[in-house]
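**Q** Predicted coordinates and the sequence they were generated for:
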Amino acid sequence: MKNIVLGTAAILALTTTASAAEWTYAHYNQPTHELHLGVALEMAQDVEAATNGELTIRVFPSGELGAGPAQQYSRALDGIADVTQGLVASDTFPLPRTMLMELPNLFDTPQEAVDVLWENIELFEPDFQGTKVMALFPNNPAALVLNRPVSSPADLEGLNIRASSAIGAGIMEAWGATPVTMPAGDLYNALQTGVIDGALIGIDGINAYRLQEVASHVITNLPGNITMFYVVANRDSWDGLSEDVQAEVLEVTEHALSMKGADAFAASGEEAIEAINASGNTEIVVLTAEQRALFAEPLPAMIENYLEQVSAAEGFDAQEIYTAISQ
């Protein structure tokens with residue numbers, strides 16, 4: 001009888017091992033980045049706990065499964081990784097509905113944006129045919145970093161300001177500046193040498209790229225934009241999970257994982273403010289309500305134009321989504 005019991009236990013162990021799955025999770029950020037620590041590793045830990053080890057996730061940071069942000073979504077579609085994490089505006093795969101979240105003067109915190117997005121998630125789901133959304137979240141609202149004080153759009157006229165997306169470029173044009181496109185990694189030298197006059201970037205990015213070392217002013221409380229990030233799973237990988245495991249995974253992803261991403265960026269933003277203040281080189285300027293209103297004034301026309309262009313090019317009602325997320 002003892003041998004029979006041991007044999008049954010061994011069979012059960014083999015069955016459990018055979019039914020367990022391991023996913024790969026690819027992203028391009030460094031292991032010290034808030035998205036690696038606060039999203040990728042958190043998802044791996046939470047999924048393993050929620051599924052009692054039936055699904056584990058191995059994270060590959062630093063572009064180990066493919067460098068840079070431009071192809072991350074395609075890597076999930078093609079199954080190069082089971083899960084990928086990327087930057088909506090920098091991806092070559094179009095996500096036009098999700099990009100509408102980046103329109104200016106909508107959100108003051110990343111957490112607010114997460115709540116609004118997941119309350120209206122059905123409006124964004126058509127962007128993600130072929131994958132399963134694990135998380136959608138933004139960074140902190142953009143700030144201006146430059147080498148001069150700014151209190152109104154008139155102060156930006158004629159300046160070359162880096163913008164990270166078409167929406168960012170539209171904002172700069174509305175404010176009278178000339179938008180410039182360049183990788184964030186080039187901003188330090190470009191600001192130091194005067195190739196650009198400034199950049200529109202999340203305040204966490206200012207610290208990440210040490211821009212306080214080469215700029216004298218950071219302008220906050222702008223009616224600016226956020227930058228959206230995604231975490232998606234390959235559809236075949238997702239469909240290969242049992243319904244029970246899928247339900248357990250969803251308990252710790254979607255809104256919950258998105259809020260972890262928002263919280264990670266918010267914390268990073270607070271650390272950035274401390275680092276900028278501690279630098280002794282850069283002044284943080286918080287716009288007054290009256291000054292913010294001056295920057296907000298030209299934005300409705302820019303937004304209307306963008307919505308019209310997207311609706312015509314993509315064949316869906318961009319205004320409907322914008323109305324839902326701006327209420």
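**A** Nice, thanks for sending it over.

**Q** which is the next helix or strand following the helix or strand where Glu112 lies?
**A** Here Glu112, judged by DSSP states H and E, is contained in helix 110-119. For helix 110-119, the following helix or strand on the C-terminal side (DSSP H and E) is strand 131-138.

**Q** then the next helix or strand after that next one to PDB, C-alphas only?
**A** Following strand 131-138 in sequence order, the next helix or strand is strand 142-146 (DSSP H and E). Written as PDB, here are the backbone C-alpha positions of strand 142-146 (Å, rounded to 0.1, in the frame of the first residue of the first chain):
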ATOM      1  CA  ALA A 142       4.700  66.600 -18.900                       C
ATOM      2  CA  ALA A 143       6.800  69.500 -17.700                       C
ATOM      3  CA  LEU A 144       9.000  71.900 -19.700                       C
ATOM      4  CA  VAL A 145      12.700  71.700 -19.000                       C
ATOM      5  CA  LEU A 146      14.800  74.600 -20.500                       C
END
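
**Q** mind listing what strand 142-146 pairs with, with the direction of each?
**A** strand 198-202 (antiparallel), strand 217-220 (antiparallel) (DSSP bridges).

**Q** now what about it, what contacts it?
**A** 150, 159, 161, 168, 191, 197-203, 206, 211-212, 215-220, 222, 224-227, 282 (CB atoms under 8 Å, 6 or more residues apart in numbering). All C-beta atoms are positioned from the backbone trio N, CA, C, and that covers glycine.

**Q** Rounded mean pLDDT for that strand, please.
**A** Regarding strand 142-146, the rounded mean pLDDT is 96.

**Q** Quick one: distance of that strand to the chain centre.
**A** In terms of CA atoms, centre = their mean, to the nearest Å, the gap separating the centre of strand 142-146 from the centre of its chain is 18 Å.

**Q** Can you verify Ala233 is assigned to a strand?
**A** Yes. Assigned with DSSP: H, G, I helix; E, B strand; the rest coil, Ala233 falls within a strand.

**Q** Tell me which of the strands paired with strand 142-146 sits most buried.
**A** For those, the largest average neighbour count (mean count of other CB atoms under 10 Å) is found in strand 198-202, namely a mean of 27.

**Q** Pull out the buried positions in the helix holding Glu112.
**A** 110-111, 113-114, 116-118 (16 or more other CB atoms under 10 Å).

**Q** Tell me the helices and strands packed up against that helix.
**A** strand 131-138, helix 255-279 (3 or more CB pairs under 8 Å, 6 or more residues apart in numbering; DSSP states H and E).

**Q** Tell me which residues of the last one come out buried.
**A** In terms of neighbour count (16+ other CB under 10 Å), helix 255-279 has its buried residues at 255-266, 268-269, 272-273, 276.

**Q** Report the inter-axis angle for it versus strand 131-138.
**A** Helix 255-279 runs at 30 degrees relative to strand 131-138, counting by axes from the mean of the first three to the mean of the last three CA atoms, to 10 degrees.
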